[in-house]
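Trainee: Sequence and predicted structure, then a few things I'm wondering about:
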Amino acid sequence: MGTRNRRDAEGERRWTDEASYVCGSCGEEIVVPLDPSAGESQQYVEDCPVCCAPNEVSVDYDEDGSARVSSRPE
């Protein structure tokens with residue numbers, strides 16, 4: 001459940017290419033790539049690379065380009 005963005009030299013927020021969520025099964029923080037070209041609201045299932053449990057991952061982009069990532073066990 002991570003939000004990641006950074007500010008450029010002019011102080012404007014820019015999206016980064018990765019974010020993170022916490023696996024609901026094992027509690028590990030999982031870093032995932034971000035792709036804003038796939039839409040403002042994205043949902044997909046990803047297996048945890050640590051415990052292999054499936055997680056439903058949601059990515060939502062704000063107007064300023066920052067991403068909110070959340071997950072829940074599938």
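Mentor: That came in fine, so what should we check first? Numbers count the residues shown, from 1 in each chain.

Trainee: wouldn't Glu18 be in contact with Leu34 here?
Mentor: Yes: between Glu18 and Leu34 there is a contact under CB atoms under 8 Å: 6.0 Å. From N, CA and C alone the C-beta is placed, and that goes for glycine too.

Trainee: Looking at those two, which is more packed in?
Mentor: Using other CB atoms under 10 Å, the more surrounded residue of Glu18 and Leu34 is Leu34, with 17 against 13.

Trainee: The more buried one reaches Val59, doesn't it?
Mentor: Yes: between Leu34 and Val59 there is a contact under CB under 8 Å: 6.6 Å.

Trainee: Need the overlap of contacts for the two.
Mentor: Ala19, Ala67, Val69 (CB atoms under 8 Å, 6 or more residues apart in numbering).

Trainee: Out of those residues, which comes closest to Glu40?
Mentor: Ala67 (9.8 Å; CB to CB).

Trainee: There's contact between that closest one and Val57 in this structure, I believe.
Mentor: No: under the criterion of CB under 8 Å, Ala67 lies out of contact with Val57, with a separation of 11.3 Å.

Trainee: who's more crowded, the two?
Mentor: Legend: neighbour count by other CB under 10 Å for Ala67 and Val57, higher for Ala67 (22 against 19).

Trainee: Bridged to Tyr44, which residues?
Mentor: Following DSSP bridges, Tyr44 is listed with bridge partners Val57.

Trainee: Next, count neighbours for it.
Mentor: Here the number of neighbours of Tyr44 (other CB under 10 Å) works out to 11.

Trainee: cool, and the one 3 residues further on?
Mentor: When neighbours are defined as other CB under 10 Å, Asp47 has 13 of them.

Trainee: Could you pull up the residues touching it?
Mentor: By CB under 8 Å, 6+ apart, the contact list for Asp47 reads Ala53, Pro54, Asn55.

Trainee: so where do the strands sit in the protein?
Mentor: Secondary structure of the chain (DSSP state E): strands located at 3-7, 13-15, 18-22, 29-33, 41-47, 54-61, 67-73.
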